[in-house]
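**Q** The following comprises the amino acid sequence and a computationally predicted model.
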Amino acid sequence: MNRTILSLVLIFSAFSVFAQNLPAPTGLLTELLREPEKAVITDSNPEFGWIFPQEGVTQTAYQILVASSPGLLTEKGADLWNSGKINTAASINVSYKGKNLSPHSKYWWKVKVWGKDGKASVYSEPQQFITGTFDWRSDEWTGVSNWVELAPGNWVTEDRQMASFTQKEPVLFKKVSEGNWFADFGQAAFATADFSITSDVEGQKIRIYLGERKNEDLSVHKNPGRSNIGFFQTEIELKKGTHTYQVKIPPHSARYPHSQKMAPFYPEVVPFRYTEIESDGKIKVNSITQEALYYLFDDSQSAFNSPNENLNKVWDLCKYTLKATPFLGVYSDGNRERMPYEADAYIQQLGHYAVDREFSAARYSLAFLVSHASWPSEWQMHTVMMAREHYMHTGDTEFLAMIYNDLKKKTLIDLQREDGLISTKTGKLTPEVLKGIHFTGERFRDIVDWPPVENDNYEFADYNTVVNSFYFYSLKCMSEIAAALGKNEDSNFYKTHTEKVKQSILRNMFDTQKGYFVDGNGAGHASLHANMFPLAFNLVPEKDIPSVAQYIKSKGMACSVYGAQYLLEALYNAGEAEYALKLMTSEDKRSWMNMIKVGSTMTTEAWDEAYKPNLTWNHAWATAPANIIPRRLMGIQPVDPGFKTFAVNPQPTGLQDIQLTIPTIRGAITCKLKSNPEEWEMELSVPGNSEALVLLPSELANVKVNGKKAEVNSTVEYLGMSRNLFKLASGTYLISAKK
């Protein structure tokens, strides 16, 4: 065989081998960490996960190799575990089953997979993971995450990712006058500042101001008043010549019961966008940088665009907030308290899942809150809701099992009377009950909304409609959680109680004559809150949804930024997508656009200082649109745990062209939708090893998928609307639906 023919044979052979292989799995996770080499894990039998290649459609088998060094990571050399070919579709939460792992050790693993047609992939890139202690007996509480120093100066955390500093250059850097300099970094961040200055005089002092807000001229706003909008000032003594300096910020004052402190190896940070330097003498400021502290975040994981520029700006505002605020490695309430709260964390969790493929911050926040209760009664039930969302987004049951007994108490079932309703005011809120939910404060009470001026004049009855609506939903979540853990008797118990509570709420708190809910048993007032929460939790009978929705719309945005999450959920449940869109894009004082208008680059703690004079400009509980846009406007939600099956049920009213990419544990979902009353055209990318349930308006009956006529799997009727359901396996699709 001559050399030319031999070369062609080799090329053809190589191409044939390549063509027979699937692409390698990507997105490896160890214990739900995508960068486990920057953490230590405390599970001696960790769980692995990966993104199955879309080309293989459905996984039929995997093979995992685990070794004590990269050089041993071969099928013959793997000294810890060679699973062999395991025939299963499992691609997330796959338990390690090799030789015993040692604590305080480094390991490497990789995986190959087989697809629907039997083709195998090549192996993934290796991933390193590091074990820490496996002895939890000394832990203060379940799920605690300690800082660990792997080597001098090399700190990591247990079972979660960590924040790191990013150096950001100003978008505007200007000498305003002799001795006065100003920098704008475009966005606020929790940060400190570095700068290079030349001084001709030894010992000359300069004044430095860092702030989230500026004056009309190029200067930092220096009169914060009652607000907690970021502001810090200090004085620095210069050396003669050119030198680099860093602003030294005193440690944050932990004045609240569960305030989170910075790790001791980080410099302290404050939220600021602007920097101003003043000098009474002659200096030259050569450069200023913002040293921004961000939790692990990948901007490329999510994207959104629509014809509505306000909606795009609101999405960007919320997404950036979700990037900038978890710098402590836990969901906290902004810069004033730096304290986790259950309701705050739930909304931040939903938003974080929507913008980044990151699960450890939510898991740790839930673990913390289970053991460190805050004071509002409804917010205890948010921990149950968080646990349910953790399960639906990750498929992880191991963590659910760890906190299951605590979650049962968090429903506040011990406050229940005979007909199922609960109250904090009837003598059942005993020290034993408070101990059971890990509350150590002085006053435990109902909240409804915060600040109190945002509760639409709510009438606090002993048996409160909002509290019992949360109770109803937490019982429903507990039924699902118990079923996921194989606790079928518990699941049936919670399911029965869910229905019992529902009927009691409708019997005691729904005004059948007026067609909406009052604030509580015996109350004469009907607030927005008493109606939006039942509707958000699907507690309202279908026949009564129109009247409840109409009453809700008559109230406008009569709730806080926290309440807005549930107002928007309620509106989409009622098919009021157009009104929900109007609220998300409004430019009124109670709007996300107002946050941008006043100058904030993160969502604010309240709509405006007019409603809460001591607000912060960095509060992620106001990021509802980040999760509402993908979950409700585009209708993309997990149907089965870990996005094994997910729904795509858009309500695009008022938006003719939408483009969305969101991450999931199984990979990115991309959906592009062009729509009008006569035709929908959708481009949809379904991740590998998952299935989409696409719902399209039934009146658009001529449906083609990739150019071929599609058969309807089923039809869903709701509120006078009709949608046809189509099941689509992993792949990329062009879907057209016409009248």
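**A** Happy to help now that I have it. Numbering: from 1, shown residues only.
**Q** Show the model's pLDDT score for the residue nearest the centre of the chain.
**A** By C-alpha atoms, centre = their mean, the chain has its centre lying nearest to His352, at 2.1 Å. pLDDT for His352: 98.
**Q** now Arg723, nearest residue through space, not along the chain?
**A** Spatial nearest neighbour of Arg723, excluding adjacent residues (C-beta to C-beta, 6 or more residues apart in numbering): Leu695 at 4.1 Å. Any C-beta I mention is one placed from the backbone N, CA and C, and that applies to glycine too.
**Q** hang on, I meant Lys428
**A** Leu415 (4.7 Å).
**Q** go on, Ala701?
**A** Nearest one to Ala701, counting by C-beta to C-beta, 6+ apart, is Lys739 at 7.1 Å.
**Q** Am I right that Val111 sits in a strand?
**A** Yes - counting by DSSP: H, G, I helix; E, B strand; the rest coil, Val111 is located in a strand.
**Q** wait, what's in contact with it?
**A** Pro25, Leu28, Phe48, Trp50, Tyr62, Gln63, Ile64, Leu65, Tyr123, Ser124 (C-beta atoms under 8 Å, 6 or more residues apart in numbering).
**Q** helix/strand/coil for Gly77?
**A** coil.
**Q** what does the model give it for pLDDT?
**A** 97.
**Q** ok, so what distance separates it from Pro70?
**A** Distance, Gly77 to Pro70, by C-beta to C-beta, to the nearest Å: 10 Å.
**Q** same thing with Ile629?
**A** Taken as C-beta to C-beta, the span from Ile629 to Pro70 is 42 Å.
**Q** of the two, who's got more company?
**A** Ile629 (26 against 12; other C-beta atoms under 10 Å).
**Q** If we go by neighbour counts, what in the helix ranked longest in the chain is buried?
**A** When the chain is parsed with DSSP state H, its longest helix is helix 488-509. Neighbour counts over helix 488-509 (16 or more other C-beta atoms under 10 Å) mark 490-491, 493-495, 497-498, 500-502, 504-506, 508-509 as buried.
**Q** quick one: contacts for Met593?
**A** Contacts of Met593 (C-beta under 8 Å, 6+ apart): Asn310, Lys313, Val314, Thr585, Ser586, Glu587.
**Q** thinking Ala710 is in contact with Lys704, fair?
**A** Yes - look at Ala710 against Lys704 with C-beta atoms under 8 Å: they come within range, at 6.2 Å.
**Q** the more surrounded of these two?
**A** For Ala710 and Lys704, the more surrounded residue by other C-beta under 10 Å is Ala710, and the numbers stand at 20 against 14.
**Q** Could you name the specific helix or strand carrying Ile658?
**A** Per DSSP states H and E, Ile658 falls inside strand 657-662.
**Q** which residues touch stretch 307-314?
**A** 304-306, 581, 584-585, 587, 592-593, 596, 625, 629, 654-657.
**Q** Counting neighbours, what do you get for Asp159?
**A** With other C-beta under 10 Å as criterion, Asp159 counts 24.
**Q** mind checking pLDDT for it?
**A** Reported pLDDT for Asp159: 97.
**Q** next one: Met1
**A** So, for Met1, pLDDT stands at 44.
**Q** And Ala254, by the same measure?
**A** 79.
**Q** Contacts only, for Met584.
**A** Applying C-beta under 8 Å, 6+ apart, the residues contacting Met584 are Asn310, Leu311, Val314, Leu568, Trp592, Pro625, Ile628, Ile629.
**Q** One more pass at 6 Å, please.
**A** Val314, Pro625 (C-beta atoms under 6 Å, 6 or more residues apart in numbering).
**Q** ditto for Pro224
**A** Counted by C-beta under 6 Å, 6+ apart, Pro224 has contacts Phe231.
**Q** Over to it. Which of the three states is it?
**A** Pro224 is classified as coil under three-state DSSP.
**Q** Do you know the pLDDT at it?
**A** 85.
**Q** From Asp333, how far off is it?
**A** In terms of C-beta to C-beta, Pro224 sits 18 Å off from Asp333.
**Q** now Glu389
**A** For Glu389, the distance to Asp333 - C-beta to C-beta - is 19 Å.
**Q** repeat for Phe533
**A** Distance from Phe533 to Asp333, by C-beta to C-beta: 21 Å.
**Q** repeat for Thr430
**A** Taken as C-beta to C-beta, the span from Thr430 to Asp333 is 28 Å.
**Q** Run a quick neighbour tally on Tyr274.
**A** There are 26 residues near Tyr274, going by other C-beta under 10 Å.
**Q** Who does it form a beta bridge with?
**A** Applying DSSP bridges to Tyr274 gives these bridge partners: Asp184, Gly211.
**Q** which residues of the stretch 51-200 of the chain fall in strands?
**A** 61-67, 81-82, 94-95, 106-114, 127-130, 147-151, 154-158, 163-168, 172-177, 180-199 (DSSP state E, counting those that start in this stretch).
**Q** now the ones you listed as TSV including distance to Met557?
**A** Listed next are the strands of the stretch 51-200 of the chain as TSV, based on distance: least, C-beta to C-beta, whole Å:
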stretch	distance to Met557
strand 61-67	49
strand 81-82	55
strand 94-95	45
strand 106-114	48
strand 127-130	46
strand 147-151	42
strand 154-158	39
strand 163-168	33
strand 172-177	34
strand 180-199	24
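**Q** so which of those gets nearest Leu33?
**A** Among the strands of the stretch 51-200 of the chain, strand 127-130 comes nearest to Leu33, with 7.7 Å by C-beta to C-beta.
**Q** buried residues in the closest one?
**A** Here strand 127-130 shows Gln127, Phe129, Ile130 as buried, counting by 16+ other C-beta under 10 Å.
**Q** Off-centre distance for it?
**A** 25 Å (C-alpha atoms, centre = their mean, to the nearest Å).
**Q** Within its sheet, name the partner strands of it and how each one runs.
**A** strand 106-114 (antiparallel).
**Q** I'd like to know the average pLDDT value across the strand it pairs with.
**A** Strand 106-114 comes out at a mean pLDDT of 98.
**Q** So which bits of it are buried?
**A** Quick answer for strand 106-114 (16+ other C-beta under 10 Å): Tyr107, Trp108, Trp109, Lys110, Val111, Lys112, Val113, Trp114.
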